[in-house]
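In: Sequence first, then the predicted structure, then my questions.
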Protein chains: 4
Amino acid sequence: MSPSSNSTSAEQRLQQASDWWSTSIIDIRPGVINTRGIPIQELIGKISFPQMIWLMLRGELPNAEHARLLEASLVAAVDHGPQAPSIAIARMSVTCGLPLNGAMASAINVLDDVHGGAGEQCLGLYQSIRKLLTDDSSIPSDNEIDAAVDLGLNAFIAENSKIIPGFGHRFHPIDPRVAPLLSMVNQAAEQGHVQGLYASIAQGVERALLRRTGKALPMNIDGVTAAVYGELGFAPALARGIFILSRSVGILSHAWEQSQQGHRLKGPMPTTIPYRYTGDPEHSVAVVSDKNPTPESSQ
Amino acid sequence: MSPSSNSTSAEQRLQQASDWWSTSIIDIRPGVINTRGIPIQELIGKISFPQMIWLMLRGELPNAEHARLLEASLVAAVDHGPQAPSIAIARMSVTCGLPLNGAMASAINVLDDVHGGAGEQCLGLYQSIRKLLTDDSSIPSDNEIDAAVDLGLNAFIAENSKIIPGFGHRFHPIDPRVAPLLSMVNQAAEQGHVQGLYASIAQGVERALLRRTGKALPMNIDGVTAAVYGELGFAPALARGIFILSRSVGILSHAWEQSQQGHRLKGPMPTTIPYRYTGDPEHSVAVVSDKNPTPESSQ
Amino acid sequence: MSPSSNSTSAEQRLQQASDWWSTSIIDIRPGVINTRGIPIQELIGKISFPQMIWLMLRGELPNAEHARLLEASLVAAVDHGPQAPSIAIARMSVTCGLPLNGAMASAINVLDDVHGGAGEQCLGLYQSIRKLLTDDSSIPSDNEIDAAVDLGLNAFIAENSKIIPGFGHRFHPIDPRVAPLLSMVNQAAEQGHVQGLYASIAQGVERALLRRTGKALPMNIDGVTAAVYGELGFAPALARGIFILSRSVGILSHAWEQSQQGHRLKGPMPTTIPYRYTGDPEHSVAVVSDKNPTPESSQ
Amino acid sequence: MSPSSNSTSAEQRLQQASDWWSTSIIDIRPGVINTRGIPIQELIGKISFPQMIWLMLRGELPNAEHARLLEASLVAAVDHGPQAPSIAIARMSVTCGLPLNGAMASAINVLDDVHGGAGEQCLGLYQSIRKLLTDDSSIPSDNEIDAAVDLGLNAFIAENSKIIPGFGHRFHPIDPRVAPLLSMVNQAAEQGHVQGLYASIAQGVERALLRRTGKALPMNIDGVTAAVYGELGFAPALARGIFILSRSVGILSHAWEQSQQGHRLKGPMPTTIPYRYTGDPEHSVAVVSDKNPTPESSQ
């Protein structure tokens, strides 16, 4: 049976199907691939990979200074070693037989709120603070920043938690990735390439946390890249997205290294170290049947 | 270098490693596999697969009536055809070269809040309504149910959205999976195997939505299975978890059928139907460079 | 622009789109959900979950004895503890912020050739041996089995590896899941419900491995379930598929238990145990630049 | 119970745990992150993202010319539109509720043998041809290339299939991404930065396919990037890995665009276009029970 006996309707339904998959990113016709309107052959060899990332995400090409900041952030976050769950998962996946795409998928999947969301949450915080600043385009004073930061932090803590994403690190007293990125942003601000407001807010949050807790909770990689992405005008969700592009390099590298080491079925620890069983002692199935749950009270 | 020169510390760190991976679900020693304390050989061939699911999730075996309700819910939700994103993704994945595990992974991953979370959200709503009922263990009247439902719905709508998960279906005027499940719960309640309170709440929500909107928004598969899981004492997150176990059967079946059909690189539609490009007309890279973003305003 | 100005062509393209997504598994119309032709309301509460799995995969309902064998296999393989990579990945994923669907996806993904493919490979081996047996429908003698097994093993080893999937276990001297399953198959064969040929082949392989290596390499869970699936007529790829349905229960249970334990960012080991760095000692970027690769020789 | 009462053994087991997770990629200590031995602060802002990718994968920094070739390949392959399964899956995933990491995971997972493996397979073919060339470091003549290509193609076809990965395109008569990349490689060869042998082999394969089939099967993006990666000394598996890094940009961009469009539960086609059901007509469960399978013959 034809899906429709009415020719107008068939046309309309085809149009609906085309509309269903509409995009402003890429136009493809036989022999033609235009990215954001630009023929691909004009881009290959002409623009950098970070510029291509920017063009794909935003529809415009960044200037050289903006691309340089994005590139530095991409370089900074590629890896944090095999005790990061994502990297460990990539390596374990390879020993289960997965090719690189599968190992990367299982690993990238876990770059979720806790493992990959701090930059996004931190940029959200910065944006909420920025909205509290008067928008007269002059650079606010440190005092104005501090006041806005205090309000913003209070609201964030009330709505979320006392843990401020982007500050403090469970391993590094000072995160060595922060200084070079912060220095680049500040330099770009001095030269007028970016406004510098997000960097000021980030440093204001750092001051506030020291003031409030009495101990240093210095900016970490998420806090500083969130400042960079804020300066560059990226939406918070893309702070996570760009982090994933960066960390994918580490995930791929560790998956590849693991594939060269040749283990099979690599669990989290060598089997010489047992896990701890904390449940019921051994008993027969009959005993359990007597414990039939009263469902309402069982959870 | 040895990780520690102190033998006590080495013992302690080993203990930490064992504790790191502690579980009350399964105890394994050479030749021994105990599930929730019961030797696996006492379970194989003795209990049903739904009973095993219950035992694994809750540490106790259900009685036959409870297992029957769980089993019916597992049977009901296995599939909703190739236009469900999860099923389509499973099929497309196979044509990209993935084995069944990979196709299932990419598909199960999308059973997230929108595609797999309605049962969980609905059970959360039911629980919030149940807490509003006086807990004197007598069955509340329809009027008491209606009052609690109204309060619960108002709170849910204020906090979430007007869309009530578990009710109404964009395709089915009546979801054919509801009546048999509801009938089983009601029968189990009459026989005293379950309390019947969640089924009453579910039907109360159905009445309230008709009253409020003037049109029928009948319970769907998520609404009725949430009632079943509520009766059985499952936590809301497990409404999603059990749904995934059920839908995995459909995902596997479609992935397997696709592998027998032998396509390669199956996109969402045949290429005879184009997608719609909505972006910039073709232009040279130079033109774009002039549009360099003022980052702050670009998003 | 309309995708086509020709009405016939529009109809045809719509038909192509419908054909693109064709399935014999499920038929859905408003108010109707037919699984393999059977209205869903006739299945809910009437057939078991394993019967539904069989119906979905094969288009027919199994009889009670066949369903019982499938069910026992599903029960047997649900879990092998947190040192199995799949289970560990599920638990780590939860601590990264993933909901149950995401944790299950990352875990199921790694049930690939090495971690989830042994049953499939073993059933393939059994089938290759079975084809070597004369097909006169009488039960072959142990000698005939042994001869076919020897040929089949030789071919398998020549084409694949010396490791025979389904036999031996790196942890269990005797896999406690084997005896009850084997006993069920043998009983079903005695009663004429299955032929018993795959169980005979499996035991023949066990004998051959002892004869060849001089040490016991007893059947493991993959070897015995492959025999069950062979008796039941499942294709090898579905040995993997059904294993995934079973192990999904363990994956879900561990993900759920982990979510109740509340860790954040759980790596493979506690950070009190360092990983080992085996690479270059610290050096400046300038030193490396001098080592510019001669690409052809670098890998 | 302590895992061991023997202190020496505890030390050894800790060492095994450290060795279990060994890597030469990254060394992390409090305040220190060294990538391949180089402090991260010496890399941020100093090297490009493609150089960082190379350093992570290979332990050395590429020179500027090699980095330029890698960068051009990364730019070239970012996207091929929403009818590519990976891109469609990313978009569908977002409408199911997944955040960007989840959408990227489900999409990257399908960059498997058929959808993401052509570059790897093609580089494997090129390498097998290269081994057939005498290795006297002089550039072989076109005739020598043609002879080696013929032998290599014959072996590839015998072992794999008649479909030569990297040549021909189901959509583009000429792939617009090829000319600029090939021109860059040839220029780099003329300037002595690369040997040019893989580019010659690739063009030799193109000639051979025209000669053999009588029709043009021009190099596509996979064929030309495989030549680039061959020139640069990457292993075949990394042709897939680097392609994934590139295509991840398209996957992220489409997931992000979809999240801004705001659909829910986007299936492959609008529901105005039905799928085709090809299975059994509606019947009662009783009828099917009579068709109980004779298992051995059912598949």
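Out: Sure thing, it's come through.
In: Setting the sequence-adjacent residues aside, check what's closest to A:Glu190.
Out: Once flanking residues are discounted, A:Glu190 sits nearest to A:Gly196: 7.8 Å by C-beta to C-beta, 6 or more residues apart in numbering or on different chains. Yep, even glycine has a C-beta here, placed from its N, CA and C like the rest.
In: what residues are up against that neighbour?
Out: A:139, A:185-186, A:188-190, A:231 (C-beta atoms under 8 Å, 6 or more residues apart in numbering or on different chains).
In: From those, list just the buried residues.
Out: A:185, A:188-189, A:231 (16 or more other C-beta atoms under 10 Å in any protein chain shown).
In: Quick check: A:Lys162 is in a helix.
Out: No - A:Lys162 sits outside any helix when classified using DSSP: H, G, I helix; E, B strand; the rest coil, being coil.
In: measure A:Trp54 to A:Val228 for me?
Out: To A:Val228, A:Trp54 is 13 Å away according to C-beta to C-beta, to the nearest Å.
In: Then A:Pro268?
Out: 34 Å.
In: next one: A:Leu70
Out: Counting by C-beta to C-beta, the gap from A:Leu70 to A:Val228 is 8 Å.
In: again, but for A:Glu71
Out: Going from A:Glu71 to A:Val228 by C-beta to C-beta gives 10 Å.
In: Could you tell me which ranges of chain A sit under the pLDDT cut-off?
Out: Applying pLDDT under 70 to chain A flags residues A:1-8, A:135-137, A:287-299.
In: Now for the residue nearest to A:His263 when sequence neighbours are not counted: which residues touch it?
Out: Distance criterion C-beta to C-beta, 6+ apart; nearest residue to A:His263, sequence neighbours excluded, is A:Thr95 at 4.6 Å. Contacts were defined as C-beta under 8 Å, 6+ apart; by that measure A:Thr95 touches A:258, A:263-266, C:85, C:114.
In: Could you tell me which of these are located in helices?
Out: The helices, defined by DSSP state H, take in A:258, C:85, C:114 from the contacts of A:Thr95.
In: Name the residues of the stretch 101-250 of chain A found near chain B, please.
Out: A:102, A:105-106, A:109, A:194-195, A:231-235 (C-beta under 8 Å from any C-beta of the partner chain).
In: from those, which ones fall inside helices?
Out: Judged by DSSP H, the subset of these located in helices is A:102, A:105-106, A:109, A:231-232.
In: Tell me how far the residue minimising distance to the centre of chain A lies from chain C.
Out: Chain A has A:Arg240 as the residue nearest its centroid, 2.0 Å off, counting by C-alpha atoms, centre = their mean. Separation of A:Arg240 from chain C (C-beta to the nearest C-beta, to the nearest Å): 11 Å.
In: shouldn't that residue be in contact with A:Glu120?
Out: Yes - contact criterion C-beta atoms under 8 Å: A:Arg240 and A:Glu120 qualify, at 4.2 Å.
In: Now the ones in helices among the residues of the stretch 101-250 of chain A next to chain B in a markdown table, please, with extra columns for distance to chain D.
Out: A markdown table is the format used below for those (distance: C-beta to the nearest C-beta, whole Å):
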| residue | distance to chain D |
| --- | --- |
| A:Gly102 | 6 |
| A:Ala105 | 3 |
| A:Ser106 | 7 |
| A:Asn109 | 3 |
| A:Glu231 | 15 |
| A:Leu232 | 15 |
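In: between these, which is nearest chain B?
Out: The nearest member of those to chain B, counting by C-beta to the nearest C-beta, is A:Leu232 at 4.8 Å.
In: ok, how many other residues are close to that closest one?
Out: 28 (other C-beta atoms under 10 Å in any protein chain shown).
In: show me the contacts for it.
Out: Going by C-beta under 8 Å, 6+ apart, A:Leu232 touches A:62, A:66, A:69-70, A:194, B:295.
In: likewise A:Arg130?
Out: Counting by C-beta under 8 Å, 6+ apart, A:Arg130 has contacts A:148, A:197-198, A:201, A:230.
In: and what of A:Gln187?
Out: Listed by C-beta under 8 Å, 6+ apart, A:Gln187 has no contact partners.
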